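Novice: sequence plus the predicted model coming up.
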Amino acid sequence: MRLFWWASAADAVGSQASGVVLPLLLLGLGYSPAMVGLIAGVSTVAGLVLGPLAAVPADRGARKQVMFWSAVVSALAMVSVAVSVVGGRPSVLFLLGAVLVERFATTCYEAAAAGTVVLICPPGEESRAVARLGAADQGALVLGPALGGVLYQLGRALPFLADAVSYAVAAVCVRAMRSDLKAPEEPGRSEEPEGAEVPRDRVSLVGELVAGLALVRASSFLRLVLVWTTTVNGVVVALYYGAVFTLQKYGDGGARMGLVLAISGAAGLVGSLAAPRVAARVGPPRLLIAVSWALVPLAAGLAAASGALAYGVLFGTLCLLMPLAVVVLQARAIQMTAPGLQARTGAVLATAAGGAAALAPVLAGVFAARSGTAAPALGCAVLLAALALHTTWRSARGTVFADVAEEAL
């Protein structure tokens with residue numbers, strides 16, 4: 001588990017370090033903001049499309065190979081970017097190609113990694129494992145941008161070289177893992193949900209791809225996970241862009257926005273680490289309902305906030321509470337999903353959440369332009385209130401978390 005944690009942590013820090021300076025590099029090379037947005041949008045969409053495809057070979061026994069070679073390819077892509085920057089002014093087509101290759105490979109890695117926890121984590125420790133992985137991601141949000149900014153000041157190619165090194169570390173850690181990361185056969189248990197059986201031999205590619213979706217549709221709990229994580233993921237991104245619009249309106253610069261990000265990242269780190277203990281004390285259903293309702297006034301408060309300090313406190317509190325519920329949902333989803341379907345089910349959930357994150361900036365921009373900078377936060381508050389009502393209703397029926405044990409049998 002330690003090797004997998006180090007692989008994930010190194011990958012996250014490197015990706016944050018290069019990701020935060022890529023727009024600066026493109027703008028510094030003379031490319032327009034529209035081109036910067038195009039590259040970011042294309043790479044995001046490409047990753048969403050490829051994720052479910054990469055999950056199939058991972059679930060069918062090639063998980064370790066997919067993770068290793070994906071990390072290697074990502075490292076080579078970032079090395080090529082660093083070399084091209086050192087060599088002069090790389091063309092936009094070259095940069096787009098390198099970013100797409102890196103995004104493709106990273107998506108393959110993430111899809112395969114989605115099924116790793118259940119294979120290497122002792123039974124009953126899923127919540128703690130998910131919490132530690134989440135803490136690594138949150139820590140990367142704090143360390144990665146700062147590292148990328150410092151390296152960029154020393155040399156424009158250095159953040160991309162650091163990202164390449166992080167991918168190399170991930171590849172070494174994956175190769176050093178003793179487990180072959182293959183899902184064990186489970187006699188007497190079908191990996192596919194009832195009504196969606198897919199033959200093990202001569203199976204169609206379409207059947208393989210939809211197996212994860214079929215499981216999500218058949219499981220009341222996984223449907224709740226899908227709705228909750230997709231909504232909250234989109235809301236957080238929309239609130240972030242709403243903060244950018246508001247702080248810019250009041251004359252606060254990038255340093256203030258960096259402060260907000262640092263506070264929120266640190267808060268998310270604390271929330272991830274505290275989630276297993278809080279869930280054990282409060283109980284998963286109560287914790288999920290409490291967090292769902294607590295997010296509503298925080299989002300509404302952001303609509304009235306005008307300074308970096310107020311945004312830091314409110315957004316940081318939101319990022320502190322959100323992991324408490326996310327860790328509970330992800331850990332339960334891992335417990336109830338068969339090992340041979342972990343990657344495909346995870347890809348379905350990740351694709352939905354990623355799609356919401358990709359759409360959120362567009363909607364935030366439209367709302368801010370037409371109705372003012374407070375509009376994104378108000379819209380998010382309304383959406384979170386609807387989510388809280390839905391979560392309370394589902395949990396009050398007393399079947400959602402009970403279904404976890406039954407569906408895992």
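Specialist: Cool, the structure landed.
Novice: need the residues that contact whatever helix or strand residue 291 lives in.
Specialist: In the assignment (DSSP states H and E), residue 291 maps to helix 284-304. Residues outside helix 284-304 that contact it (CB atoms under 8 Å, 6 or more residues apart in numbering) are 228, 232, 235, 239, 242-243, 278-279, 282, 310-311, 314-315, 317-318, 321-322, 324-325, 328-329, 332, 374-375, 377-378, 380-381, 384-385, 387-388, 391-392, 395, 400-401. C-beta coordinates here come from the backbone N, C-alpha and C atoms, glycine included.
Novice: mind listing what's buried in it?
Specialist: Neighbour counts over helix 284-304 (16 or more other CB atoms under 10 Å) mark 284-285, 287-292, 294-296, 298-303 as buried.
Novice: which SSE is immediately downstream of it?
Specialist: Next helix or strand after helix 284-304 toward the C-terminus (DSSP H and E): helix 308-336.
Novice: for that following helix, name the packing helices and strands.
Specialist: Here helix 308-336 touches helix 117-120, helix 126-154, helix 220-249, helix 254-282, helix 284-304, helix 342-371, helix 400-407, going by 3 or more CB pairs under 8 Å, 6 or more residues apart in numbering; DSSP states H and E.
Novice: got CSV for the ones you listed, with distance to residue 13 and mean pLDDT too?
Specialist: Compiled in CSV, the helices and strands packed on helix 308-336 are given as follows (distance: least, CB to CB, whole Å; pLDDT from 0 to 100):
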stretch, distance to residue 13, mean pLDDT
helix 117-120, 20, 80
helix 126-154, 5, 82
helix 220-249, 20, 84
helix 254-282, 12, 80
helix 284-304, 27, 91
helix 342-371, 20, 81
helix 400-407, 33, 48
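Novice: out of those helices, which is closest to residue 98?
Specialist: Closest to residue 98 of those, according to CB to CB: helix 126-154, at 16.7 Å.
Novice: can you give me the buried ones in the closest one?
Specialist: Buried residues in helix 126-154 (16+ other CB under 10 Å): 126-149, 151-152.
Novice: from the chain's centre, how far out does the helix or strand residue 10 falls within sit?
Specialist: Per DSSP H and E, residue 10 falls inside helix 2-28. Taking CA atoms, centre = their mean, to the nearest Å, one finds helix 2-28 lying 13 Å from the centre of the chain it belongs to.
Novice: and if you look at stretch 62-79?
Specialist: Mean C-alpha position of stretch 62-79 versus that of the full chain (CA atoms, centre = their mean) differs by 18 Å.
Novice: residues making contact with that stretch?
Specialist: Outside stretch 62-79, the residues that touch it by CB under 8 Å, 6+ apart are 7, 11, 14, 18, 54, 57-58, 98-99, 101-102, 104-106, 108-109, 111-113, 115-116, 119, 160-161, 163-165, 167-168, 170-171, 174-175, 177, 179-183, 343.
Novice: select only the buried ones of the residues you listed in PyMOL?
Specialist: For the buried members of these, the matching PyMOL selection, counting by 16+ other CB under 10 Å, is:
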select buried, resi 7+11+14+18+54+57+58+98+99+101+102+104+105+106+108+109+111+112+113+115+116+119+160+161+163+164+167+168+170+171+174+177+181+182+183+343
